[in-house]
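A.B. asks: No letters, just coordinates:
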């Protein structure tokens, strides 16, 4: 019997038994499914990523002729990111304005994070277009987009230093929680990190809610660990796809 | 924020070389922010901050509006940070670049989303009339550290601002002029202070033997606090951390740029905290000074029974 | 009325000036002549980009009006033909308006004076200096030069005017360049207002001269 909606929710986020509302433990990721080369005919690289109920499709085109002078750099490729959030991706069907500041910020953040990983100096005077379609949102919008973009860039065969993997983590009382969903994001203070390869160094760090300074270290540590496991899952998918291709080639 | 795109090769080599020798052109140490020069104007809510050559003015104003349908008890708060080419010809008029969008979002998150202004205290008649507080930020001169300076100016402006006293009798609302009744300050819950850190990779130079001569610098990455415009052009990425003196981190953003070790970031948070404590004290001292100046010979002040808290 | 002027206070632009008269305070920056965007380029003249920013909220028709009047004054006085295909960017930031929303005379007059000073500071070639003055005329026919906020709000105040004169090297206000009037007034009142403003504009011009000579003294320390 539910007595009071607030106390029910409060209890649900992290029960004394150490379980979260969706049955995970504090250090568990949601189901992470990914696939590359999903749109083989219409793009140079493509991917589909599911992080729990967050679903994202990413298409990469390029390196190609740049669109005009403002997209031409003499020493590196121009990476342009466009995130498109479908109006049916959330429960309340709000129309997302295209030039919304939040989306613009998301675009720039993803673009700058990837610039650090892509060896863009190999393709001067070119442009790499990354277009991300958000189909469904359930927390962790930014990390899901970053992960999808990494996979699509790998599929397009664009040289990178290593995988960029991103993950969010929050804090409940004194327990850090990994990979939050929307319900948890609304109630907890959380941050998002983006890690290049299996290092401890961050290319991306974003925190929008208030968190005590002393909780920062454990939350960051678990978010980095989460990113590392996501990197492993993505690596497995890339290798699976590679083997499949090689097998096809062998049959010919 | 890399606003100035051009810097001569000589200058850039000079600055990077100095950094390799642990020196900055303005003589500061790496973790030393510039002095904050804060002053207030004649009107309430007019705060002016100078951070090195950077010069920012914030003006706070209030008007009565109808609240939003879904939030009948809350007042409004908007921050307007539109940078004109007065700050530097590199900023375009009437158009926001990516950097400016990120910056204005950062200030929104630092001040508005961290709830430093108590919106519920702005309610006059629920669902009918609330105060809408507006902060207009004017950047007069640009020399790096914009977010830091703007944040201090807005917070100081909010603390300095007074809105006219209101008395409500049923549905009837009457506003009292400043002469009639003492105007009331806003209720500020905490004071977020931003610090910007810039990261440099200094070992990527032609004369690599030079860095070998400096064995005490093992880490090739240099972290500068509160970089000026020239340093910002050369930096490989920056990060802004917003902290208040209660040890709450209100906002953190590092969007891309050079990879940075997690422990370096935790170090930066501590530096940001020190700066926040120092700046909070500075703002409070300046406010007290201004208050004393305004109330010279004010009989109410002498008769006030309020204790120092 | 207390007057406080300053030049070269901004480091990133070519010229700047602040003009604080009474409770009206304006800061002006000038950059240029510099490279202009291709589509704004004029083949025979320098493009003049003018921005007037209010102290509070976004710029509205009120600022557009000030900008329009200012544009007509400045484009007449700047020797634009000397820098074809280039851009001169002028930004005026109102820090304290010093008058209520229904008036704009103090702001307009101060904008003109601040812009003149900033243009001189930037070294932009001018035909002459421009000095402006704000005048209010009351019911009893009294002329108030540079009125205060309280004087403007008096119901006695019938009309408000801004007069600007071009002033050449002999420091004589002979060429009227702008008359902006609002309210009801007689022809005689306007004409004598123009007469009176000339005298006052000469005084303002002396202030501009004093500021510029101070600036020159500061900039060229080696010449005694």
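C.D. replies: Ah, there it is. Since the structure is predicted, the reported quantities are computational estimates derived from the model, not experimental observations.

A.B. asks: contacts and neighbour counts: CA atoms only from here.
C.D. replies: Noted.

A.B. asks: what does the helix or strand hosting residue C:87 rub up against?
C.D. replies: Element membership for residue C:87 (DSSP states H and E) is strand C:86-96. For strand C:86-96, contacts defined as C-alpha atoms under 8 Å, 6 or more residues apart in numbering or on different chains pick out B:84-86, C:23-36, C:41-42, C:45-55, C:107, C:111, C:115.

A.B. asks: for that strand, the distance to its chain's centre please.
C.D. replies: Taking C-alpha atoms, centre = their mean, to the nearest Å, the mean C-alpha location of strand C:86-96 is offset from the chain mean by 11 Å.

A.B. asks: Okay, angle between the helix or strand that it is followed by and strand C:86-96 too, please.
C.D. replies: Following strand C:86-96 in sequence order, the next helix or strand is helix C:105-122 (DSSP H and E). Per axes from the mean of the first three to the mean of the last three C-alpha atoms, to 10 degrees, the angle that helix C:105-122 makes with strand C:86-96 is 140 degrees.

A.B. asks: for helix C:105-122, packing partners?
C.D. replies: Counting by 3 or more C-alpha pairs under 8 Å, 6 or more residues apart in numbering or on different chains; DSSP states H and E, the packing neighbours recorded for helix C:105-122 are strand C:3-7, strand C:15-21, strand C:24-35, helix C:61-77, strand C:86-96, strand C:129-138, strand C:157-167, helix C:187-219.

A.B. asks: Now it: average pLDDT?
C.D. replies: Helix C:105-122 carries an average pLDDT of 95.

A.B. asks: tilt between that helix and strand C:15-21?
C.D. replies: Going by the same axes, to 10 degrees, helix C:105-122 makes 150 degrees with strand C:15-21.

A.B. asks: So for helix C:105-122, what gets flagged as buried?
C.D. replies: Counting neighbours by 16 or more other C-alpha atoms under 10 Å in any protein chain shown, one finds that the buried residues in helix C:105-122 are C:105-122.

A.B. asks: before we move on, which element is the residue of the stretch 51-200 of chain B found nearest chain A in?
C.D. replies: Going by C-alpha to the nearest C-alpha, chain A is nearest to residue B:102 of the stretch 51-200 of chain B, at 5.7 Å. Element membership for residue B:102, per DSSP H and E: helix B:98-107.

A.B. asks: which residues are in contact with that helix?
C.D. replies: Helix B:98-107 is contacted from outside by A:101-102, A:104-105, A:108, B:1-3, B:81, B:83, B:147, B:150-151, B:251, B:253, using C-alpha under 8 Å, 6+ apart.

A.B. asks: Close to chain B: what parts of the stretch 101-250 of chain A are there?
C.D. replies: Residues of the stretch 101-250 of chain A lying close to chain B by C-alpha under 8 Å from any C-alpha of the partner chain are A:101-102, A:104-105, A:108-116, A:196, A:200-214, A:216-217, A:220.

A.B. asks: Just the closest residue of the stretch 151-252 of chain A to chain C, please.
C.D. replies: residue A:208 (26.4 Å).

A.B. asks: In terms of helix, strand or coil, where does the residue in the stretch 51-200 of chain B that chain C sits nearest to fall?
C.D. replies: Nearest to chain C, among the residues of the stretch 51-200 of chain B, is residue B:88, at 5.1 Å (C-alpha to the nearest C-alpha). Using DSSP: H, G, I helix; E, B strand; the rest coil, the structure places residue B:88 in coil.

A.B. asks: Can you name the residues that contact the most centrally placed residue in chain C?
C.D. replies: The residue lying closest to the centre of chain C (C-alpha atoms, centre = their mean) is residue C:112, at 0.7 Å. Residues counted as contacts of residue C:112 (C-alpha under 8 Å, 6+ apart) are C:70, C:130, C:131, C:132.

A.B. asks: Would you check how far apart it and residue B:264 are?
C.D. replies: 52 Å (C-alpha to C-alpha, to the nearest Å).

A.B. asks: now do residue B:234
C.D. replies: Counting by C-alpha to C-alpha - residue B:234 and residue B:264 are separated by 20 Å.

A.B. asks: Skip the chain neighbours and tell me the closest residue to the residue of chain C found nearest chain B.
C.D. replies: As assessed by C-alpha to the nearest C-alpha, chain B sits closest to residue C:12 within chain C, at 5.1 Å. Nearest residue to residue C:12, sequence neighbours excluded (C-alpha to C-alpha, 6 or more residues apart in numbering or on different chains): residue B:88, at 5.1 Å.

A.B. asks: quick one: low-confidence ranges for the stretch 201-309 of chain B?
C.D. replies: Along the stretch 201-309 of chain B, the model assigns pLDDT under 70 to residues B:203-219, B:297-309.

A.B. asks: number of nearby residues for the closest residue to chain C within it?
C.D. replies: Scanning the stretch 201-309 of chain B for proximity to chain C using C-alpha to the nearest C-alpha identifies residue B:229 as nearest, at 10.2 Å. Neighbour count of residue B:229, defined by other C-alpha atoms under 10 Å in any protein chain shown: 19.

A.B. asks: The one 10 residues further on now?
C.D. replies: Neighbourhood size, residue B:239 [other C-alpha under 10 Å]: 23.

A.B. asks: Neighbouring strands of the helix or strand containing it in the sheet, and parallel or not?
C.D. replies: Assessed by DSSP H and E, residue B:239 sits inside strand B:237-243. Sheet pairing for strand B:237-243, assigned by DSSP bridges, gives strand B:193-201 (antiparallel), strand B:248-261 (antiparallel).

A.B. asks: export those strands to a markdown table and tack on mean neighbour count?
C.D. replies: Formatted as a markdown table, the strands paired with strand B:237-243 follow (neighbours: other C-alpha atoms under 10 Å in any protein chain shown):
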| stretch | mean neighbour count |
| --- | --- |
| strand B:193-201 | 26 |
| strand B:248-261 | 25 |
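
A.B. asks: Give me the spatial nearest neighbour of residue B:244, chain neighbours excluded.
C.D. replies: Nearest residue to residue B:244, sequence neighbours excluded (C-alpha to C-alpha, 6+ apart): residue B:192, at 4.5 Å.

A.B. asks: coming back round to it: need the three-state assignment for the residue of chain C closest to chain B.
C.D. replies: Counting by three-state DSSP, the backbone at residue C:12 sits in coil.

A.B. asks: what about the helices in the stretch 101-250 of chain A?
C.D. replies: If DSSP state H, counting those that start in this stretch is used as the criterion, the helices of the stretch 101-250 of chain A fall at A:101-117, A:141-155, A:182-187, A:216-251.

A.B. asks: Point out the most buried one among those.
C.D. replies: Mean neighbours per residue, mean count of other C-alpha atoms under 10 Å in any protein chain shown, is largest over those for helix A:141-155, with a mean of 26.

A.B. asks: Report the angle between that helix and helix A:216-251.
C.D. replies: Going by the same axes, to 10 degrees, helix A:141-155 is angled at 30 degrees with respect to helix A:216-251.

A.B. asks: how distant is helix A:141-155 from the center of its chain?
C.D. replies: Centroid displacement of helix A:141-155 relative to its chain, using C-alpha atoms, centre = their mean, is 5 Å.

A.B. asks: Does anything pack onto it? Which helices or strands?
C.D. replies: strand A:32-36, strand A:45-51, strand A:54-64, helix A:101-117, strand A:127-136, strand A:164-172, strand A:189-196.

A.B. asks: Which one of these lies nearest to residue A:82?
C.D. replies: Closest approach to residue A:82 among the helices and strands packed on helix A:141-155 is made by strand A:127-136 (4.9 Å; C-alpha to C-alpha).

A.B. asks: which strands and helices sit next to that closest one?
C.D. replies: Against strand A:127-136 (3+ C-alpha pairs under 8 Å, 6+ apart) you get strand A:54-64, strand A:78-85, helix A:141-155.
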